[in-house]
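Pasting the sequence and the predicted model now:
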Amino acid sequence: MSKEPARKICKLDDVVINRIAAGEVVQRPCNAIKELIENSIDAGSSSISVVVDDGGLKFIQITDSGHGIRKEDLGIVCERFTTSKLRTFSDLTTISTHGFRGEALASISHVSHVSIMTKTEYDKCAWIAHYKDGKLHPKKPGASSEPKACAGNQGTTITAEDLFYNMPTRKRALNGRDEFTRIAHVITCYAVHNSHIAFNLKKLGESMPKIRSSVTPNKIDTISNLYGPAVGKELLEFKCEDKNYGFTARGHLTNANYNGKVFRFILFINNRLVESSAAKKALEGVYSSVLPKHTYPFVYLSIDINPQNVDVNVHPTKNEVHFLHEDSIIAGIQAKIEQTLYACASSRNYYVQSRLPEALAPEIATREEKPGSENKAKYDYQLVRTDCNQTKLDPFLTDKKPNPVVEVVDSKPRNAPTPPARPSYLCLSDAKPCSSKDIPRETPQGSNVGKENINTINTTEESNGRRSEPTKPNNKRPVYLTSVLELQESICSGRCEGAVELLKGSQYVGVASTTYILVQVTTKLYMFDFVRISRAFFYQKVIFDFQNFNVFEFTEPAPIRELVMMALEDDTCGWNSDHGSKSELGDFATHLLTNKRDMLEDYFGIVVTESGELIGLPILLEGFYPLLFRIPMFLLRLATEVEWTTEKECFRTIAEELAEFYSLRLPPDEDEKLATASASATDVSDAVDPNVANWRFTLEHVLFPQIRSSFIPDSSLTGDGSILQVADLHDLYKVFERC
């Protein structure tokens, strides 16, 4: 097979060369606008107005109030490598202006139809000229191409029409809507950096501008105007300088309160808008430990570096620059930003939402009597023979023995058992429940913990003879977090009207077992799983009372690490060697809960000190306190079972763990006593001690009325065994009739 002869090397035509170069410099409309804006800034403009059509593909017009272009220079202004900012190659080492190569106007004129109208301070009138392929070109065939006099203000107006008219492939690949977004981003960035210049962006034919910034000496006002007050009110100002590396950095960044959906990063190096993947990655690393996952900050950063250490001529669109000691300079800026963020951590605010209106107890539909029905006779099976408000199940199970007479001394029976010992820091404080902000944070250190004492805590015993009565906060803080509103909506949308009516008409009968209670509804008898129902009830309380909790405090702080270590010693915790050592888990849990203490306190009323001690828990229900012997397992699960990475799942799982902790249960030893008592009716009065009696009272008079009035049940309660029908009076009569 014969080889083709070597092809002859030819010099390209100037038109081809210029169009290839223009395609590199002006890759899309925003590149052309960026070049023209930089020329306007170099011209000393105090205002810059941009008008575009179809994302700049059909029409671009930039008007500035700069010093203008001399008439003598209009003949060569659109030729390549014509500039007023550079004379020799060595000038590149000290260049401080935006433009320097003289390629912007030349490149634009090779891919569009360009016209320039300009007037200097000393001109009596303005001059307008038209260009094509870098040369003066007549507006109409046969007319003169020389600049013509016209009326105009001082400054320059450059118009580029039909961009990429001679590059159809590129023009088809661009979308006008996307290009307008890019143009708006470029103008917004320059407006932030040049707050002394007024910027204006409009679409052709529209009267209202899409972007407008006024002249202001305060960049925070400019950022608030362009990006909204949500960004402006969270801005922190920072500045750092290093004479060894010859740089100064200043800017504004958002604190930990702002969580954006995208990373808004504006970087200027020596007043040039550039991109730096290394700087962006460093900032992402700083904020990753401050912001929730998949949320991002706003950062405006301006770096001034000695021009001799910067190479600006490394990218056709000047979108990138190289400079000496890049890694060291970025590391120094990163450290300063990290310091600035952590310095404001102590005053971090949580913009919490007020909760939705509390779910009102749904009304039971009353059955309307038909005319004349009041005289209609009722069958026996339709009658409710027992007044459940006065007669309970317990009197039928207890042995009726006379109460022993005991001599009372100091308000306590002489033969009464001594209350079990317990750690003093797990006693309820004498102080009334209060806001978590009122609890002192300076607490004693080094409290001793004993597992045997934790397991014998009696939460119904009063501390020093008094019981704290909760007070409702006067002002409810509104809830605006979408995640919490969605959780509240999911509860309301799952409401089962049949279960609501059943609860509303229920009457407490008595305790059937350690898990179930008996409830009467009209002529039917039900068993309620009060553990499951109370867990679901407290979950709803946490979600609907989000960030509006009173707290009760301990008499002494409880060290989190020691409590977690107690939980790890329990066989039911599920620990194995694959989870790591118990000591490491204890340290991990303490560190995690301490770092999350601000959120836990403000949103959920779980008060943790900086030294890793638990000093307060939320009051979810007036007159109800959780079993404190379950605190160790609660803290362990709070650290290991909560999904901390996403906001909605984090709030949901914390609410579930609080509900599990507050769900009504008996301590293990009293649980066994009650189970034994249920097996033998004659032993009930002897077996059930005051703890069980108090548990019964809390269940009947505190928890059950609240569940009946404010709980929002869903259909799953009738499917998972939480609500079971035991008997129906109508069906029982049928059985008796067959006997």
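Alright, I've got the coordinates.

Tell me which stretches of the stretch 451-600 of the chain form helices.
Using DSSP state H, counting those that start in this stretch, the helices found in the stretch 451-600 of the chain span residues 451-454, 482-493, 497-504, 530-544, 560-569, 582-595, 597-604.

meant to ask about the stretch 1-150 of the chain
14-25, 29-42, 104-111.

what about dumping the CA coordinates of the shortest one to PDB?
Taking Å, rounded to 0.1, in the frame of the first residue of the first chain, the C-alpha atoms of helix 104-111 are listed here in PDB:
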ATOM      1  CA  ALA A 104     -10.600  41.500  24.200                       C
ATOM      2  CA  LEU A 105     -12.100  44.000  21.700                       C
ATOM      3  CA  ALA A 106     -10.200  42.300  18.800                       C
ATOM      4  CA  SER A 107     -11.600  38.900  19.700                       C
ATOM      5  CA  ILE A 108     -15.100  40.200  20.100                       C
ATOM      6  CA  SER A 109     -15.000  42.000  16.700                       C
ATOM      7  CA  HIS A 110     -14.000  38.800  15.000                       C
ATOM      8  CA  VAL A 111     -17.100  36.900  16.200                       C
END
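
That helix vs helix 29-42, what angle?
In terms of direction (axes from the mean of the first three to the mean of the last three CA atoms, to 10 degrees), helix 104-111 departs from helix 29-42 by 150 degrees.

which strands and helices sit next to helix 104-111?
The helices and strands touching helix 104-111, judged by 3 or more CB pairs under 8 Å, 6 or more residues apart in numbering; DSSP states H and E, are helix 14-25, helix 29-42, strand 126-132. C-betas here are computed from N, CA, C, even on glycine.

Quick one: mean pLDDT over it.
The pLDDT scores in helix 104-111 average 85.

Give me the angle between it and strand 126-132.
50 degrees.

centre of the chain versus helix 104-111, how much separation?
Using CA atoms, centre = their mean, to the nearest Å, the mean C-alpha position of helix 104-111 is found 46 Å from that of the whole chain.

And for the longest one?
Its chain's C-alpha centre lies 37 Å from the corresponding centre of helix 29-42 when counted by CA atoms, centre = their mean.

With only the CA atoms kept, save that helix in CSV.
Only the C-alpha atoms of helix 29-42 are listed here, as CSV (Å, rounded to 0.1, in the frame of the first residue of the first chain):
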residue,chain,number,x,y,z
PRO,A,29,-21.0,35.6,26.2
CYS,A,30,-20.0,35.9,29.9
ASN,A,31,-16.3,36.0,28.8
ALA,A,32,-16.9,38.9,26.5
ILE,A,33,-18.8,40.8,29.2
LYS,A,34,-16.1,40.1,31.8
GLU,A,35,-13.4,41.5,29.4
LEU,A,36,-15.5,44.6,28.7
ILE,A,37,-16.3,45.2,32.4
GLU,A,38,-12.7,45.0,33.3
ASN,A,39,-11.9,47.6,30.6
SER,A,40,-14.6,49.8,32.1
ILE,A,41,-13.1,49.5,35.6
ASP,A,42,-9.6,50.3,34.3
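
What does the pLDDT read for Leu226?
Model confidence at Leu226 (pLDDT) stands at 93.

Check the spacing between it and Thr216 real quick.
11 Å (CB to CB, to the nearest Å).
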